[in-house]
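# Here's a sequence, model it:
(one chain, ligands or ions: 2)
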Amino acid sequence: IIGITASKEHDFPQWYQEVVLKSELIEYYTEISGFFILRPASMYIWNVIRKWFQAKIEELGVEEASFPMFLSAKSLEKEKDHVEGFAPELAWVTKAGDKDLEVPVAVRPTSEAVMYPYYSKWIRSHRDLPLRLNQWNSVVRWEAKQTTPFLRAREFLWQEGHTAHLTEELAGEEVLQILEFYAGVYEELLAVPVVRGKKTEAEKFAGGYYTTTVEGYIPSNGRGIQGATSHCLGQNFSKMFDITVEDPAEKGKHINVWQNSWGLSTRVIGVMVMIHGDDKGLVLPPRISKIQAIFIPVGLTAKMTAEEKAAHLKRVDELYETLKKAGVRSDIDTREGYTPAWKFNDWELKGVPLRIEFGPKDASNEVISYARRDTGEKGTIPIAQMTTEVPALLEKIQADMYNKAEAAFRAHRIKITKWEDVTPALDAKNVVIIPSCLQMACEDKIKELTTGRADESTDTPEAAKAPSMGMKSLCIPFEQPEGLVKGETKCLNPECQNLAESWCMYGRSY
Ligand SMILES: O=C1CCCN[C@@H]1CCCn1cnc2cc(F)c(Cl)cc2c1=O
Ligand SMILES: [Mg+2]
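Ligands and ions are numbered 1, 2, ... in the order given. Okay, the predicted model is just below:
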């Protein structure tokens, strides 16, 4: 049995790598490090997400475009202030064939610099607003940090939305609409709970005005993870790229437009794997599972005559066809030469939400026997009720998976009002919500104060624990807890004299 050998609890990084490989989501692109192959199982999930999100943004009036994947140093120059920090991530093409390119071009790491010169050209009058374009594409960022499938890759699939509006209010309204769609991808499709909030000045996209975010939580290591971001860019980019309209209220006056940009990537798949997977492999939420119910004929012993066997298999086939017609994505595993046990393991590894066994006993009792992948719970369903009970059971699995993850996140998101409680909380795999002044310097100090020093008590270097990672701000939750009195409650950072501005969620993070 080629099952998972690493334990999720005791060797999470190894477990994750094994699961994404053995469940056939991913193949490592060994030619060049940091790149991964998305196999059909991954692309099925990505396409469910894409269809769902695409329908939502079309309703908003967002249109699709496709811009070139290369950008020039010249247009990059326009956003040089915030790009310099990213410069090491830029991949450059310097030659074509054996000839050097006159001017090297960069592979897009994101498309502002590619798109906005044309926004400037296309947007003349307020009647051209709102302009709302989205791209489904891939981008390249030559990450220096260790890469890992879905979570940090040098090329990844995403969508990037780029919109322009007449006023800050109109832009702001869209920022939140998109953020709710991102939350929907996680909560409705992936059964993953997220906290909605705003990034602090230290964590926001530096080129923007403000960043809103959906933040996830990984119970296995207690770390927060950024799920997707919806930025208001303010007028920063329309000033850099001269995107203006004539003021409808005042002839001759020009207004820089207000812009947003928003992105969600294949990282979402990694988050789903980490939260729901177990030591048997993937556990897929039914709404994004290519196969929702797998029929496995059982009890076909040597005692059965060829006719009996054929008759039984015909019956299973009819059941599977019936369920498919009822709208359940079903399949049937009739592979010769594999035992039912082997098949059970294989489909558990692939995360199929519901296994349906059907043997001669089931036939005589007019039932199907099922096993839930998320809880392992087994049961029977009368064949007469199959087409209503199985869809209902799949919806229950979806809801139960979400509720379990939501309870885990809620139980590990703790409000803290005493600084000395912070590190013990982090070490107990929690993220914390603390009164914060939200200032950048304070945040840097908090990161420093919570970075564990290597364990000086031991003399042998290998024994010295690796210093524990400091905590950083994850978001300022829109949903603020009680108890912070403006002008009275102090910032929790013991070395900060400021008063607290808001509750801020902090944690070790990806
Ligand atoms: O996050 C999103 C959503 C979708 C559209 N874009 C924004 C901002 C992207 C920030 N960002 C992120 N990474 C970058 C990497 C780079 F190499 C360069 Cl040159 C720029 C950036 C950069 O601007
Ligand atoms: Mg980055």
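
# list the contacts for the residue nearest the centre of the chain?
The centre of the chain sits closest to residue 268, judged by Cα atoms, centre = their mean, with a distance of 1.9 Å. Residues counted as contacts of residue 268 (Cβ atoms under 8 Å, 6 or more residues apart in numbering) are 49, 150, 185, 186, 190, 192, 227, 228. Where you see a C-beta, it was placed from the backbone N, CA and C, and this is true even at glycine.

# Which single one of the residues you listed is nearest to ligand 1?
residue 228 (8.4 Å; Cβ to the nearest ligand atom).

# Pretty sure that closest one sits in a strand.
Yes - applying DSSP: H, G, I helix; E, B strand; the rest coil, one finds residue 228 inside a strand.

# Return the set of residues that bridge with it.
residue 214 (DSSP bridges).

# what about it, how many residues close to it?
Neighbours of residue 228 under the rule other Cβ atoms under 10 Å: 27.

# That one touches residue 214, doesn't it?
Yes - Residue 228 lies in contact with residue 214 (Cβ atoms under 8 Å); the separation is 5.4 Å.

# Which of the contacts of residue 268 ranks first by neighbour count?
residue 190 (30 neighbours).

# Filter the contacts of residue 268 down to the ones in helices?
residue 49 (DSSP state H).

# who touches the residue in the stretch 201-350 of the chain that ligand 1 sits nearest to in this structure?
Proximity of the stretch 201-350 of the chain to ligand 1 (Cβ to the nearest ligand atom) peaks at residue 263, 2.9 Å away. By Cβ under 8 Å, 6+ apart, the residues touching residue 263 are 110, 158, 159, 160, 161, 228, 229.

# thinking the fourth one is in contact with residue 114, fair?
No - counting by Cβ under 8 Å, residue 160 does not reach residue 114; the two are 10.1 Å apart.

# show me where pLDDT drops low in the protein?
For the chain, the stretches with pLDDT under 70 are 1, 454-465.

# run the last query once more with 90
Across the chain, residues meeting the criterion (pLDDT under 90) sit at 1-2, 72-75, 80-82, 247-249, 251, 301-303, 452-468.

# Could you give the number of residues near the closest residue to residue 351 other than its chain neighbours?
Spatial nearest neighbour of residue 351, excluding adjacent residues (Cβ to Cβ, 6 or more residues apart in numbering): residue 282 at 2.8 Å. Neighbour count of residue 282, defined by other Cβ under 10 Å: 24.

# So residue 282 is in contact with residue 346, correct?
No - counting by Cβ under 8 Å, residue 282 sits too far from residue 346 to count as a contact (11.5 Å).

# does the residue of the stretch 401-510 of the chain found nearest ligand 1 have beta-bridge partners, and which?
For the stretch 401-510 of the chain and ligand 1, the shortest gap (Cβ to the nearest ligand atom) falls at residue 475, measuring 14.5 Å. Residues in a beta bridge with residue 475, per DSSP bridges, are residue 505.

# was I right about it contacting residue 195?
Yes - Residue 475 is in contact with residue 195 according to Cβ under 8 Å; the separation is 6.4 Å.

# Give me the common contacts of these two.
By the contact definition Cβ under 8 Å, 6+ apart, residue 475 and residue 195 are jointly contacted by 215, 505.

# hmm, back to that, tell me the secondary structure for the residue nearest to the centre of the chain?
With three-state DSSP as the criterion, residue 268 reads helix.

# Kindly report the same for the one 5 residues further on.
Put simply, residue 273 is helix when judged by three-state DSSP.

# just checking, it touches residue 148?
No - between residue 273 and residue 148 no contact is recorded; they are 10.9 Å apart, counting by Cβ under 8 Å.

# and for these two, which residues touch both?
With Cβ under 8 Å, 6+ apart as the test, residue 273 and residue 148 both reach residue 16.

# How much space separates residue 486 from residue 480?
According to Cβ to Cβ, to the nearest Å, residue 486 stands 11 Å off from residue 480.

# returning to what we had before: contact partners for the residue nearest to residue 351?
Residues in contact with residue 282 (Cβ under 8 Å, 6+ apart) are 19, 23, 25, 273, 276, 349, 350, 351.

# One more: residue 68?
Residues in contact with residue 68 (Cβ under 8 Å, 6+ apart) are 108, 114.

# helix, strand or coil for it?
Per three-state DSSP, residue 68 ends up coil.
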